[in-house]
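[1] Using only what follows, build the 3D model:
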Amino acid sequence: MIDEDSKLPKPPKLKGYIQEIQADPFVVSFYSEKSLSVLKRLLKWNPTAVLHIDSTGRIAASIPMDKTKKQFYYAAVIHLPGGAGKEAPVVPVFEFVANCQSASEIQKSFKTFFNK
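    Numbers count the residues shown, from 1 in each chain. Now for the predicted structure:
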């Protein structure tokens, strides 16, 4: 029996840094092939690595289409393994800006990233 996933074509290689632009709700997702590769390699080395997620508002003026919605910047970062006596460097692996802060919209952005 053939697994359903084996029939799907492989996703195209990522190009550039901006990966998605959506108008309603407004979302801009950005990450690179390199950041995705770093995360995958780190998770192979340490499957219990922690991805830290933070967001902040007031990064930009409201968009003209809906002045009541504020833009929020979301970032997911990881700590890379540091050498002895060194502080571990923090690396962003996924970032996005959105004007809809519902759990379902935030989840959608993260699912898109993690399905790459």
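[2] ok, the residue positioned nearest the centre of the chain - contacts?
    In the chain, the residue lying closest to the centroid (CA atoms, centre = their mean) is F94, at 2.9 Å. Contact analysis of F94 by CB atoms under 8 Å, 6 or more residues apart in numbering lists 29, 31, 35, 75-76, 110, 113. Every C-beta, even on glycine, is put in place using the N, C-alpha and C of the backbone.
[3] Also S104?
    Contact analysis of S104 by CB under 8 Å, 6+ apart lists nothing.
[4] Could I get the contacting residues of the nearest residue to A61 once chain neighbours are set aside?
    Closest residue in space to A61, ignoring its immediate chain neighbours: Q71 at 7.9 Å, by CB to CB, 6 or more residues apart in numbering. By CB under 8 Å, 6+ apart, the contact list for Q71 reads 26, 57-63, 97-99.
[5] Ok, K111 next?
    K111 makes no contacts at all, as judged by CB under 8 Å, 6+ apart.
[6] Use 45 as the first number from now on
    Yep, numbering from 45; the last one is K155 now.
[7] Helix, strand, or coil at it?
    Three-state assignment for K155 (DSSP: H, G, I helix; E, B strand; the rest coil): helix.
[8] sorry, back to before: for the residue nearest to the centre of the chain, name its beta-bridge partners.
    Beta bridges link F138 to A120 when assigned by DSSP bridges.
[9] how deep is V94 tucked in, by neighbour count?
    V94: 9 surrounding residues under other CB atoms under 10 Å.
[10] where do the helices sit along the protein?
    Using DSSP state H, the helices found in the chain span residues 77-89, 147-158.
[11] Kindly reformat the ones you listed as CSV containing mean pLDDT and distance to I97.
    Below are those laid out as CSV (pLDDT from 0 to 100; distance: least, CB to CB, whole Å):
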stretch, mean pLDDT, distance to I97
helix 77-89, 88, 13
helix 147-158, 87, 8
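[12] Just want the phi and psi numbers for the closest residue to P125 other than its chain neighbours.
    The shortest distance from P125 to any non-neighbouring residue, by CB to CB, 6+ apart, is to A132 (6.4 Å). Taking degrees, to the nearest 10, you get phi -70, psi 130 for the backbone angles of A132.
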